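1. need a 3D model of the sequence below.
(2 chains)
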There are 2 protein chains.
Amino acid sequence: MIAAQTLLQTLVDAGVEVCFANPGTSEMHLVAAVDRVPGMRPVLGLFEGAVTGMSDGYARMAGKPAANLLHLGPGLANGLANLHNARRAGSPVVNIVGDHATYHHQYDAPLASDIVGLARPMSAWVHSSRSAGQLAADGARAVQAAQQHPGQVATLIVPADVAWLEADHPAPPLPVPEPAPVGDDAVTAAATALRSGHAALLLRGSVLQGEGLVAAGRIAAATGCRLLCDTFAPRLERGAGRVVVERLPYFAEQLVDTLAAVEQLVLVGATPPVAFFAYPGKPSWCSPDGCRITHLAHPHEDGTGALRALADLLGAPATGSTVADHRVADGASGRWDQFGIGQSIARHLPEGAIVADEAATSSLGPALALSTAAPHDVLSLTGGSIGQGLPVAAGAAVACPDRKVVCLHGDGGAMYTLQTLWTMAREQLDVTTVIFANRSYAILNIELMRVGAEAGAGALSMLDLGNPALDWVSLAHGMGVEAVRVDSLDAFDDAFAAAIVCRGPRLVEAVL
Amino acid sequence: MIAAQTLLQTLVDAGVEVCFANPGTSEMHLVAAVDRVPGMRPVLGLFEGAVTGMSDGYARMAGKPAANLLHLGPGLANGLANLHNARRAGSPVVNIVGDHATYHHQYDAPLASDIVGLARPMSAWVHSSRSAGQLAADGARAVQAAQQHPGQVATLIVPADVAWLEADHPAPPLPVPEPAPVGDDAVTAAATALRSGHAALLLRGSVLQGEGLVAAGRIAAATGCRLLCDTFAPRLERGAGRVVVERLPYFAEQLVDTLAAVEQLVLVGATPPVAFFAYPGKPSWCSPDGCRITHLAHPHEDGTGALRALADLLGAPATGSTVADHRVADGASGRWDQFGIGQSIARHLPEGAIVADEAATSSLGPALALSTAAPHDVLSLTGGSIGQGLPVAAGAAVACPDRKVVCLHGDGGAMYTLQTLWTMAREQLDVTTVIFANRSYAILNIELMRVGAEAGAGALSMLDLGNPALDWVSLAHGMGVEAVRVDSLDAFDDAFAAAIVCRGPRLVEAVL
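-> Numbers count the residues shown, from 1 in each chain, chains lettered A, B, ... in the order given. This next block holds a predicted model:
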């Protein structure tokens, strides 16, 4: 068999079941191998940012990597922004990039570029395969590298001849790396910290799901500490019956206020809270002076195990204290704004839904209302590179075909990877997308004031998306997704409810 | 004044008049400076690939750089594919990327990444500015670096505090670098080569315009040599009255056939012809065995001056031999295919039009017909990274507001940067776009066979864009561009003629 086939079989044997792809000529043997290797589902994206964002969404929900298949340096480049988000999410991603044949490099053909150089900034692991006989083993190493806890981007570059030459056989899967265990000293130090003043646990990563979250709730019950997560948690279990975690606010001065009373900050898979951007005269470091910071678990360590050990050490009760009620509005009511829309979404959200949130300045309303909705998972914009919500939603829908996915998106951000709507239609993914159409880079109008820049008409026009107004119903129809535009709460409630009860992709444009 | 303003003023003083932008928080002071510095036109793109592609198209037509304004590493990453094309075009581009404030780097905030590392592969010059007082001078150096002959990508990274702090004054423009002169020896060697057998001049860069092309025509008249240009010339003057240059074919075996009789190949701003991709058992090097290659002018050298000197040395007549006739069809006739469409386009093309060609497998028909159309410029896909045609067309329209721009685009490629349609509508750019809707990555169906990959249904489905069919009329309407779908030659002819006579963006979807 040719090496391309040994690679694909190796990936399948290692548990990789989906390949998100936007291939070109140099990847044709890998594409052709799809038909010879059962167990690999190819999912086509019409732009690489859609491809890499889908693999991130998939990984966050499946808890294991999918593969990407990208075309040479420029194809990788188009996917880098969402690999940045995946990197910040700690998502396992096996990122395969085709290259020119090894002997073709010397000619500097038009599509040649420094692929390793492009891959490096967004990849924890980069390897350019050098021989057909080694390709399968390289693939096994890539899958292993991607699964280094909590998950990382592993980029395997495959020259065309390395893929098309003959090879012997697939490579056996390598062991999945376990997260590093947390020592007793760290657990004891955390216990001491939590007993020594106003304390908070700041959680990130898989500790915001399942057992980790339950253990955190037990610790809060035993010590009265606050439970915090950062603004952009990769995946957060929320809603009725779930342990309540406070999400830190986005703006630095709000962050400072929120943390003002914290004397002891215990980190579990998280880093200390800092400002998202620097602003003249405002702090970047947002923990209060004198606040002591204790690391219970670093991101590569077993945070869930550490939380369990800490709860036991503290003699915490078996169940946590503060879990959310189930409380939603009876009907559509309130103003036509993100808060009214949030209540409508919360009312109709089915249990087990997955909410991909890139609503930016419109996300507060839905987030508040959803806190007491049916239990669900929230996936957020981890790396701040906008254009991640649609593909993360699509990838989550591929990973969890039996769960409803709701994508909440600002109009400006959604334009970066709108091509994802086509994949949703092609694969009939069960995603309801809400576009918050304020026809503006609204966040930048706020940031413009906050950085102290005095803007005139020319500058303000650069933040305005209203001329011409984007028509999301037409854009969705252009890619085969049913869509409707609404500009009242009643109409939104009807449209959203209708989208939720049917299966397959729907889009609701909420003109604000 | 703040440093941002000194930078902008420096750019304007150095002749940079347009800034294509997709800014974020870290660029707000640069955005605000637009209102304080007369003479800089900001053009907003809704995706960075549109931004960088527009600056490429602008540079190819204006012969001088525009500036880009991009947001941090991910914003740069989204623009890299079209910077790759710009790099391969030899286009001068001043690529400005905002960064976190210098003192904010240490916190590794979510949007932080290795911007220098990302910029390097697609930039000939990269500098991260370190002080407000130096920023203006850094800007002057960037403009100079961009204009290193024939033109290159110069990336200036601007930390937010470097932009927002006070600075003294703008920096004076630095001299525009002249192309290196070609020595007499090279001219003599080229003359000898052209007299020593079946000879061809392979031309690339500005020699395909104006004086260079005229001199090449004189040389052909004097020696009988063939005039060739590569498949993807950045800018080529074509049509009635222009010196005829043979465009080399794309596929390696056709390239080998075309060059088979060439014994002396003289390069002017070009590199030896090689295969675009490697294929099993096919050559990468496409010049015939024994063919002697002579460099008259390297890309950084003054090819036009060298051609003039060569023509004089050869005692060539004052005007060249082979110029194209003006010959177009009387009415719409022929089959409903790219050849019929090409004849219709040629018939209606106004003199001085600019044709941005990314029609891929549909480009042969238009290229044949346009060879005898009214004189025009052709801009092609220099780096092979698809998704360049729409933005190059838009940028050309910004550079040349009095010339009609025609964009010929495959449907697959157009999806990568379809956001450009919105900028065309916003700026009312005079661009008529023809989408060749074959609903397939047609080139990959051909390449699949050529690389010898045996594809099954799964593989073939990865090249098929027909499920669902993209609806380009809806997509264009969604971004404010008038559009019509046609599926017959008569309807196309009417729609194209109507688009050409009105001003502003129009799109014609030709369903093939």
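
2. residues in contact with residue A:367?
-> A:247, A:342, A:357, A:378 (C-beta atoms under 8 Å, 6 or more residues apart in numbering or on different chains). Quick note: C-beta positions are derived from backbone N, CA and C, even for glycine.

3. which stretch of helix or strand covers it?
-> helix A:364-370 (DSSP states H and E).

4. before we move on, the earlier item: so of the contacts of residue A:367, which ones are in strands?
-> The strands, defined by DSSP state E, take in A:247, A:357, A:378 from the contacts of residue A:367.

5. what about the second one, neighbour count?
-> In terms of burial, residue A:357 registers 23 neighbours under the definition other C-beta atoms under 10 Å in any protein chain shown.

6. any idea what it is bridged to?
-> With DSSP bridges applied, residue A:357 shows beta-bridge pairing to residue A:380, residue A:408.

7. quick one: it and residue A:382 touch, right?
-> No: between residue A:357 and residue A:382 there is no contact under C-beta atoms under 8 Å: 10.9 Å.

8. contact partners for the closest residue to residue A:381 other than its chain neighbours?
-> Leaving aside its chain neighbours, residue A:381 sits nearest to residue A:358 (5.0 Å; criterion: C-beta to C-beta, 6 or more residues apart in numbering or on different chains). Residue A:358 is in contact with A:380-381, A:386-390, A:392, A:407-410, A:413-414, counting by C-beta under 8 Å, 6+ apart.

9. who wins on neighbours among these?
-> Top of the contacts of residue A:358 by neighbour count (other C-beta under 10 Å): residue A:392, with 37 neighbours.

10. and the gap between it and chain B?
-> Residue A:392 sits 15 Å away from chain B, taking C-beta to the nearest C-beta, to the nearest Å as the criterion.

11. not counting residues beside it along the chain, what's closest to that residue?
-> residue A:57 (3.5 Å).

12. swap in residue A:243?
-> The shortest distance from residue A:243 to any non-neighbouring residue, by C-beta to C-beta, 6+ apart, is to residue A:217 (3.5 Å).

13. and residue A:455, by the same measure?
-> residue B:32 is the one closest to residue A:455 (C-beta to C-beta, 6+ apart), at 4.7 Å.

14. mind checking pLDDT for that neighbour?
-> Note for residue B:32: predicted pLDDT of 94.

15. what parts of the stretch 51-200 of chain A come near chain B?
-> Residues of the stretch 51-200 of chain A lying near chain B by C-beta under 8 Å from any C-beta of the partner chain: A:73-75, A:77-78, A:80-81, A:84-85, A:88, A:100-101, A:103-104, A:107-111, A:113-114, A:117-118, A:120-122, A:160-161, A:164.

16. in helices, which of the residues you listed fall?
-> A:73-75, A:77-78, A:80-81, A:84-85, A:88, A:117-118, A:160-161, A:164 (DSSP state H).

17. ranges for the strands of the stretch 301-450 of chain A?
-> For the stretch 301-450 of chain A, the strands defined by DSSP state E, counting those that start in this stretch cover A:353-358, A:376-380, A:405-410, A:431-437.

18. chain B contacts on the stretch 201-350 of chain A?
-> Residues of the stretch 201-350 of chain A lying near chain B (C-beta under 8 Å from any C-beta): A:232, A:271, A:274, A:275, A:276, A:277, A:278, A:280, A:284, A:285.

19. could you give the number of residues near the second one?
-> The reference is to residue A:271. Residue A:271 has 16 nearby residues by other C-beta under 10 Å.

20. Three-state assignment for it, please.
-> coil (DSSP: H, G, I helix; E, B strand; the rest coil).

21. tell me the contacts of the closest residue to chain B within the stretch 301-450 of chain A?
-> When scored by C-beta to the nearest C-beta, the stretch 301-450 of chain A has residue A:385 as its residue closest to chain B, at 3.5 Å. Applying C-beta under 8 Å, 6+ apart to residue A:385 gives the contacts A:81, A:82, A:84, A:85, B:74, B:75, B:111.
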